[in-house]
Each structure stands twice: as structure tokens, then as C-alpha cells.
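Asks: Structure, please.
(one chain, ligands or ions: 1)
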Amino acid sequence: MLEQKVAVVTGASRGIGRAIAEKLAEEGVFVVINYRGNEEQAKQVQQTIKEQGGNAGIYGCDVSDFSACEAFFKDVIETYGRLDILVNNAGITRDGLLMKMTESDYDAVLQTNLKGTFNGIRFASRSGRIINISSVSGILGNAGQANYSASKAGVIGLTKSAARELASRGITVNAVAPGFIKTEMTEVLSEQVQNHAKSQIPLGSFGNPEDVAEAVWFLASDKAGYITGQVLNVDGGMAM
Ligand code: NDP
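Replies: Predicted coordinates:
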């Protein structure tokens, strides 16, 4: 059994998940970097963490797959002897207007973002801290993101129910709701959409993945032991 705390961060091969993995490792946590398809990128994150004096493993698993998640978390607990922190971060977008949205685009987003979060909680409920990445879109709604907003609003309901159920085991469950953060997910947005988004942000600019990672670390730390069932917005003031 590892003496260090062990965390699983889903979708940690890039973007926000990568920043969360690096932050947790910097704080002395052993991080399991989960990814779906891109093993090379996951290895790069592991390498960076090692170069910075931390320790991490990688594990490929599609979070939307219930039985694959069962095997994943069983393996982690058997290999490292513990699981202290779970960050359900993996997420995708398949944007489009509601009236034209295909069934497969709706299902894919719900399967990864909402069911993936459920799968993580379902098989990791030994861990003391669970943090789910929602979105400002799940709070405010967003034209062109009906599937994504539904999945992220669902993550908030799931977070609150899990917080109530798991409190008696001393497990806290919280959500972090980022606004627009500079990652590959937002890079693809047109300049017009990016400029419109900035006009809706009181602090006037997109955030960085590190801004989200700091909030996640706080909720994962011993200092947040009396906080559960909450949604912490990291959005430059978009939703208030
Ligand atoms: P990116 O697209 O940059 O990265 C997504 C990550 O999720 C990748 O590591 C990818 O791994 C992984 N992933 C996707 N699907 C699966 C799956 N089925 N199983 C396992 N891993 C998967 O996204 P961001 O970093 O921007 O977003 C991270 C989270 O933050 C998401 O939940 C997103 O919805 C949320 N968010 C992002 C915002 C933003 O502005 N960027 C705003 C609000 C919320 P691989 O490459 O190997 O497939």
C-alpha cells in the first residue's frame, strides 16, 4: 500500500484534467492519469510529473463503459492499496442546435459526461473526496449545447445526491463549474463566439486550466473536510 494519498483524475491527458493531475502531484499525491485514446499524451503528463519530483501512473479506460470502469477502479485499489481522491473530469462536446441535434450526438455527450461521472462514483466510493467537473453551461444553459448543458446540470444533481448518500461514510462530494477555460475544447470556437463569450464574463477573459486545478485541490484537501454537496464556480463571475 502506498503511503502517499492516491488520486484518479479522469481525462487527464490534456487540458483541465492535466492541470489537475499536475497540481495534485505537486501537493504530494500519487496520481493515476486516466485517458481514453491518447496514450502518448498521457505518458507525457506522467513524464512531466516525474520531472517535477512527483509520481504518477497512467490507465486507459473509457469512462462511459460501466464494466470497464469496474475493472479500472478494482485494479487501482488492488495495485496501490488505496484511493483517496476521485476527480471526474473527462468530458466531451458535440455542439449543435437542438432542432438539428442527432441522437448519437445527444447520447455520446450524456454517456461520457454524466454516465461517466456516475461510473466513477459507483466504483470509487471508498475515496474520501470526490470532485465532479460540471460547467457554467449546466447552470445557465447555453444555446447550441442542449446535450452538454443537460449532462452538466445532471452532474450537479448527481453530486448533491451522492453527497447526501456518502456523508455517513465521511466522503465529501462536490462539483466545480468552470466557465470558459483555455483548452482544446474552447480553441475550436470561432472568434465571434469567443468574443461574445468574453463579453459575458465580468472579469473579461477566459480562465486557465490552473485556475480550475487550484479549486479542485482545495476541495480535495484536508482543509475542505466540512464542505459537501456544493458547486464552486470558477468562471470569472459569469454565473452569480
Ligand atoms: P479537453 O477536450 O481538452 O480534454 C478532454 C479530456 O477528456 C482528454 O484527456 C480526453 O482523453 C478525456 N476523455 C474524453 N472522453 C473520455 C472518455 N470517454 N473516457 C476517458 N477520458 C475521456 O477538455 P477540457 O480540459 O477543456 O475539459 C475538461 C472537463 O472540463 C470536461 O468535463 C469539460 O466538460 C469541462 N469544462 C471545460 C470547460 C472549458 O472551457 N474548457 C468549461 C467548463 C467545463 P483522450 O484525449 O485520451 O480521449
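
Asks: ok now do Ile58, which residues does it touch?
Replies: For Ile58, the contacting residues are Val32, Ile33, Asn34, Tyr35, Glu39, Ala42, Lys43, Val45, Gln46, by Cβ atoms under 8 Å, 6 or more residues apart in numbering. All C-beta spots, glycine's among them, are computed from the backbone N, C-alpha and C.

Asks: Name the nearest residue to Gly11, sequence neighbours excluded.
Replies: Ala90 (3.0 Å; Cβ to Cβ, 6 or more residues apart in numbering).

Asks: Around Ser205, count how many other residues there are.
Replies: 10 (other Cβ atoms under 10 Å).

Asks: what's near enough to touch it?
Replies: Taking Cβ under 8 Å, 6+ apart as the definition, contacts of Ser205 comprise Lys198, Gly236.

Asks: What separation do you get for the residue nearest the centre of the chain and Gln47?
Replies: By Cα atoms, centre = their mean, the chain has its centre lying nearest to Asn89, at 1.6 Å. With the distance defined as Cβ to Cβ, to the nearest Å, Asn89 ends up 20 Å from Gln47.

Asks: Lys160 now?
Replies: 37 Å.

Asks: what about the helices in the chain?
Replies: Taking DSSP state H to define them, one finds helices in the chain at 15-26, 39-51, 66-80, 103-109, 116-123, 136-140, 146-166, 184-187, 191-199, 209-220.

Asks: Flag every buried residue along the longest one.
Replies: Right, helix 146-166. For helix 146-166, burial by neighbour count (16 or more other Cβ atoms under 10 Å) applies to 146-156, 158-160, 162-163, 166.

Asks: correct me, but Asp75 touches Cys61?
Replies: No - the criterion here is Cβ atoms under 8 Å, and Asp75 misses it with Cys61 at 9.1 Å.

Asks: Give me the more crowded residue out of these two.
Replies: Set Asp75 next to Cys61 and count neighbours by other Cβ under 10 Å: Cys61 wins out with 24 against 13.

Asks: Let me see the contact set for that one.
Replies: Counting by Cβ under 8 Å, 6+ apart, Cys61 touches Asn34, Arg36, Ala68, Cys69, Ala71, Phe72.

Asks: pLDDT score for the residue nearest to Gly11?
Replies: Looking at Ala90, its pLDDT stands at 98.

Asks: same question, Ser125
Replies: 69.

Asks: can you check the one 4 residues further on too?
Replies: Confidence at Arg129, expressed as pLDDT, is 97.

Asks: beta partners of it?
Replies: Beta-bridge partners for Arg129, by DSSP bridges, are Ile85, Thr172.

Asks: One more: Ala177?
Replies: Beta-bridge partners, per DSSP bridges, of Ala177: Asn233.

Asks: my guess is it meets Val231, correct?
Replies: Yes - between Ala177 and Val231 there is a contact under Cβ under 8 Å: 5.3 Å.

Asks: any bit of stretch 169-180 sitting next to the ligand?
Replies: Yes - Stretch 169-180 lies within reach of the ligand by Cβ under 6 Å from any ligand atom, at Pro178, Phe180.

Asks: Contacts made by stretch 135-148 with the rest, please.
Replies: By Cβ under 8 Å, 6+ apart, the list of residues contacting stretch 135-148 reads 91, 93-98, 101, 105-106, 109-110, 113, 149-156, 177-180, 231, 233, 235, 238-239.

Asks: what about 7 Å?
Replies: 93-98, 101, 105-106, 109-110, 149, 152-153, 155-156, 177-179, 233, 235, 238-239 (Cβ atoms under 7 Å, 6 or more residues apart in numbering).
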